[in-house]
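Undergrad: This is the structure alone, sequence omitted:
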């Protein structure tokens, strides 16, 4: 799964202190909604690997800490390319089945486009748009070893924006 960090507070931040930018109130709401949706959906997650930027770590903690999932910080995921994310994924322990990468734009949408070779017809348009903050995609691989993972082998099976998650939570 790929998750873009929640919306961030831009007031008073620039290129020099961008790494320290925290999430804003809407980002906190969206992160809590995603956490609730994941809890209610009983999705089995083994590991979260996150950029170490403040907004990515805050998003990871709000979303995944209530679910008791290990969060590992990866400083290299801040301002990285999709190739760096792919290299990291290919080094994962084979005991891990489901992993979430938490990062930034454009590397998250670039990673999704690099990994996805096919998609549900209703999700095809998602490959052409940038990720909104706190959006999560679900990519399935018919592969038994992370190190064998190649580009364009994934199937995009889900794409959740904060608006979709909010609507789903209201129904439950």
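TA: Nice, thanks for sending it over. This is a predicted model, so every value here is computed, not measured.
Undergrad: Spit out the contact partners of residue 157.
TA: Each residue near residue 157 by Cβ atoms under 8 Å, 6 or more residues apart in numbering is listed here: 120, 123, 138, 139, 140. C-beta coordinates here come from the backbone N, C-alpha and C atoms, glycine included.
Undergrad: most surrounded residue in those?
TA: Counting neighbours by other Cβ atoms under 10 Å, the top entry in those is residue 139, with 19 neighbours.
Undergrad: Relative to the helix or strand hosting it, what are the paired strands and their orientations?
TA: Element membership of residue 139 [criterion: DSSP states H and E] is strand 136-140. Using DSSP bridges, strand 136-140 pairs in its sheet with strand 2-4 (antiparallel), strand 154-160 (antiparallel).
Undergrad: any idea how far the residue nearest to residue 111 when sequence neighbours are not counted lies from residue 116?
TA: Of all residues not flanking residue 111 in the chain, residue 82 sits nearest, at 4.1 Å (Cβ to Cβ, 6 or more residues apart in numbering). Distance of residue 82 to residue 116, computed by Cβ to Cβ, to the nearest Å: 11 Å.
Undergrad: higher neighbour count, those two?
TA: A direct count of neighbours by other Cβ under 10 Å for residue 82 and residue 116 places residue 116 higher, at 23 against 20.
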